[in-house]
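**Q** Okay, here's the prediction I keep looking at, along with the sequence it came from:
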Amino acid sequence: MTTPLVEMKDISISFGGIKAVDHVSVDLKPGEVVGLLGHNGAGKSTLIKILSGAYAMDTGEILINGEKATINNPRDARTYNIETIYQTLALADNLDAASNLFLGRELVGPTGFVDDDAMEAETRKIMARLNPNFKKFKDPVSALSGGQRQSVAIARAVYFNARILIMDEPTAALGPHETQMVSELIQQLKAEGIGIFLISHDIHDVMELCDRVSVMKNGKLVGTVDVADVTDDDLLGMIILGKKPGES
Amino acid sequence: MDDQAKSMMDKLGLDARLLGMIGALVVIWIVFGFFTDWRFLSPRNFFNVSVQTASVAVMATGMVFVIVTRNIDLSVGSMLGFIGMTVAALQVQWLPSVLGLGHPMIWVIAVFAAILMGAVLGAAQGWVIGYLTVPAFIVTLGGFLIYRGAMWWVTKGQTQAPLDPVFRLLGGGAEGTLGETLSWVFGTVAAVVALAIMLMSRRRKATHGFTVKPVWAEGILMAMAAGLIMAFVWIMNSYPIPRGAMRRMTEARGIEYTDGMVWNHGVAIPVVILLAVTIVMTIIATRTRFGRYVYATGGNPEAASLSGIDTRLLTVKVFALMGALTGIASIIASARLNAVDVGLGTLDELRVIAAAVIGGTALSGGAGTIYGAVIGALIMQSLQSGMASVGVDAPLQNIVVGFVLVLAVWIDIVYRRRAGV
């Protein structure tokens, strides 16, 4: 049995007395897509923000490749090759695509100054792969369409050789064509051995793209199941009623 | 025809906002020139306006970063006064009693003290804003009152004068310039460097295979850059030094003064300081990680911190930089007046904020340029000098400047909406 890429064990975090995540354990293997399902406020985004370094957990531990990891901020997460595509995309609207792609990890020349031309050249390369129609390299990302903005956020995660990828509602703002593109990308990354946490509340997406699904409700983990073993209705039952398939 | 002009502008790569500001400046100069028998367009007046702009413009470059990160600094005028008074007392009372009057290190110590003091005061404010999360408006409003009060305590309200003779040169005046020859050298070097930078950038873009401007457009821009620099030097070198000052200067240099002798001012030292600050701040804004993070944080603070940017420390740095620039501005302002009284810097915070805003810095954060703020300061000073020279009295001057500020921001809002940025 392979060592899981990520193990999040017994994670808890509270905000002002409310247990947003309550003793939750999930894991992720290389080349696997694990869906996180649940209503709004179920705690999926919060759980994942602990892994990406945006929040510090109260209790629990995170293992990466079987070794205990210390993730106190987004920079730490990046050193473990954890990349996140946030639901809000987390783009600085006033900057162009290249500046956003390299935000926090700018390419610098030999003199230590930011090398915008090199960053634009790299951005053009990765965009040619991800979204060949993308042409607005000079404009601030506020001038881009929803799909184009999404592809900038995806490019940022993919460019830096993520081994663990977190996607928070990656298709929520997309049209059918772009959703298809994201699906293909997920398959491709999976084949490269990248582990993906996919947060969604769309059961069809999850059934199609994921290998396993962890369902959360009110901050607690309802259960983790293989997609092959369950039906849409089973998942719905887990989300709404918080009971595992087979339970009555 | 309109389309043709527009596509030409696109090829030149000049943005409409910059052209608009320069246009406004030219209109102001011509209007005031007309009402003053063209005295407003004399080398003498340009020299004076350039010197008077320096102090506020230096601070305005720092205010760009402050406002871009969605903060405000209301304390810079009071801080300028507090630093000015402290450094003046240092030169007039404390250092002479330790080192002896006229010691050559006095001005060096004074300059360092001013910049350091500004950086420390600014960092302290930034720390309260960033780490204790008290809004910048309140923290710097507190600073506004505190520094003005502290300024009084330094000398119990006593005016400090005269300042160290070398320190005084940093404020301009007949002696505080590069002189004719050095000004030409300065202008030539500046023009060569500007052209070299433009050529290098073009070559770099070409090696990456990006489209570059057509050769004619690049040529026009280069000619304009070199032309502007040399024209400025030429104007500064056309303003003769008055006789009294000439006698003093010739005597100091052991040259015999004759009636036919004409020396011209050349570029004033505060203007050289301003240019240096403008270039350094532009490099920080566009070519350093720190600058990139300033704009990213202003555009989307959450995205910035999710990208691993420490936005609290960034706030401290931005305010420390603002403080250091206020220190430099304080040197210029006190040296120019050769005295510091308790009123030094009064209302400067509003001039500085107005300059940054007229220069296109958005109070909503994320947008603003260094050159814009400097031109904004120049527009403000031109308006004020112009009105003074046609005999508009002070209260009316304030009314006009107030209207212009609101008008400028409204035009900027309309422009942004049209341009969709």
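**A** Thanks, I have the structure now.
**Q** could you check whether stretch A:116-136 is close to chain B?
**A** Yes. Stretch A:116-136 is in contact with chain B by C-beta under 8 Å from any C-beta of the partner chain, via A:Asp117, A:Ala118, A:Glu120, A:Ala121. Heads up, the C-betas are built off the backbone N, CA and C, glycines and all.
**Q** Looking at that stretch now, give me its mean pLDDT.
**A** Regarding stretch A:116-136, the rounded mean pLDDT is 89.
**Q** Quick check: pLDDT value at B:Met8.
**A** pLDDT for B:Met8: 69.
**Q** now do the one 3 residues further on
**A** For B:Lys11, the model assigns a pLDDT of 69.
**Q** Ok, B:Gln52 next?
**A** We have a pLDDT of 95 for B:Gln52.
**Q** Could I get the residues of stretch A:116-136 next to chain B in a markdown table, plus columns for secondary structure and distance to B:Trp94?
**A** Converted to a markdown table, the residues of stretch A:116-136 next to chain B look like this (DSSP: H, G, I helix; E, B strand; the rest coil; distance: C-beta to C-beta, whole Å):
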| residue | secondary structure | distance to B:Trp94 |
| --- | --- | --- |
| A:Asp117 | helix | 51 |
| A:Ala118 | helix | 51 |
| A:Glu120 | helix | 54 |
| A:Ala121 | helix | 56 |
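**Q** Going by distance to A:Lys68, which of those residues wins?
**A** A:Ala118 (36.4 Å; C-beta to C-beta).
**Q** Report how many residues lie close to that closest one.
**A** Neighbours of A:Ala118 under the rule other C-beta atoms under 10 Å in any protein chain shown: 17.
**Q** Ok, A:Gly31 next?
**A** By other C-beta under 10 Å, the burial measure for A:Gly31, its neighbour count, is 16.
**Q** Pull the contacting residues for the residue most central in space within chain A.
**A** Centroid-nearest residue in chain A: A:Ile166, 1.7 Å away (criterion: C-alpha atoms, centre = their mean). Listed by C-beta atoms under 8 Å, 6 or more residues apart in numbering or on different chains, the contact set of A:Ile166 reads A:Ile48, A:Leu51, A:Ser52, A:Ile82, A:Glu83, A:Thr84, A:Ile85, A:Ile196, A:Phe197, A:Ile199.
**Q** Looking at those, which are in helices?
**A** A:Ile48, A:Leu51 (DSSP state H).
**Q** Give me the buried entries from the contacts of A:Ile166.
**A** A:Ile48, A:Leu51, A:Ser52, A:Ile82, A:Glu83, A:Thr84, A:Ile85, A:Ile196, A:Phe197, A:Ile199 (16 or more other C-beta atoms under 10 Å in any protein chain shown).
**Q** Top of the residues of stretch A:116-136 next to chain B by number of neighbours, please.
**A** Among the residues of stretch A:116-136 next to chain B, the one with the most neighbours (other C-beta under 10 Å) is A:Glu120, at 22 neighbours.
**Q** Can you report how many residues neighbour the closest residue to that residue other than its chain neighbours?
**A** Residue nearest to A:Glu120 in three dimensions, not counting chain neighbours: A:Ala98, with 4.6 Å by C-beta to C-beta, 6 or more residues apart in numbering or on different chains. Using other C-beta under 10 Å, A:Ala98 is surrounded by 24 other residues.
**Q** before we move on, which element is A:Ala98 in?
**A** Using DSSP states H and E, A:Ala98 sits in helix A:97-101.
**Q** mind pulling up the phi and psi values for the residue nearest to the centre of chain A?
**A** When quoted as degrees, to the nearest 10, the phi and psi of A:Ile166 stand at phi -110, psi 120.
**Q** so what's the backbone phi/psi at the residue of chain A positioned farthest from its centre?
**A** Note on chain A: the largest C-alpha distance from the chain mean falls to A:Thr111, namely 34.6 Å (C-alpha atoms, centre = their mean). Here is the backbone geometry of A:Thr111 (degrees, to the nearest 10): phi -90, psi 0.
**Q** Please report how far the spatially closest residue to the residue nearest to the centre of chain A that is not a sequence neighbour lies from A:Arg78.
**A** Using C-beta to C-beta, 6+ apart and skipping residues adjacent in sequence, the residue nearest A:Ile166 is A:Thr84, 4.3 Å away. In this structure, A:Thr84 and A:Arg78 are 9 Å apart, going by C-beta to C-beta, to the nearest Å.
**Q** re the thing from before, okay but the residue nearest to A:Ile166 is in contact with A:Ile71, surely?
**A** No. A:Thr84 is beyond contact range of A:Ile71, at 11.6 Å (criterion: C-beta atoms under 8 Å).
**Q** okay, and the common contacts of the two?
**A** A:Ser52, A:Ala77.
**Q** Surely B:Val401 is in a helix?
**A** Yes. Counting by DSSP: H, G, I helix; E, B strand; the rest coil, B:Val401 is found in a helix.
**Q** From B:Met380, how far off is it?
**A** Computed as C-beta to C-beta, the B:Val401 to B:Met380 distance reads 7 Å.
**Q** Tell me which of those two has more neighbours.
**A** Between B:Val401 and B:Met380, counted using other C-beta under 10 Å, the more crowded position is B:Met380 (24 against 16).
**Q** what about the more buried one, which SS state?
**A** Under the three-state scheme (three-state DSSP), B:Met380 adopts helix.
**Q** Over to B:Val271?
**A** helix.
**Q** Return the residues of the stretch 301-421 of chain B in contact with chain A.
**A** Residues of the stretch 301-421 of chain B lying close to chain A by C-beta under 8 Å from any C-beta are B:Glu302, B:Ala303, B:Ala304, B:Ser305, B:Leu306, B:Ser307, B:Gly308, B:Ile309, B:Gly366, B:Ala367, B:Gly420, B:Val421.
**Q** Sweet, I'm off.
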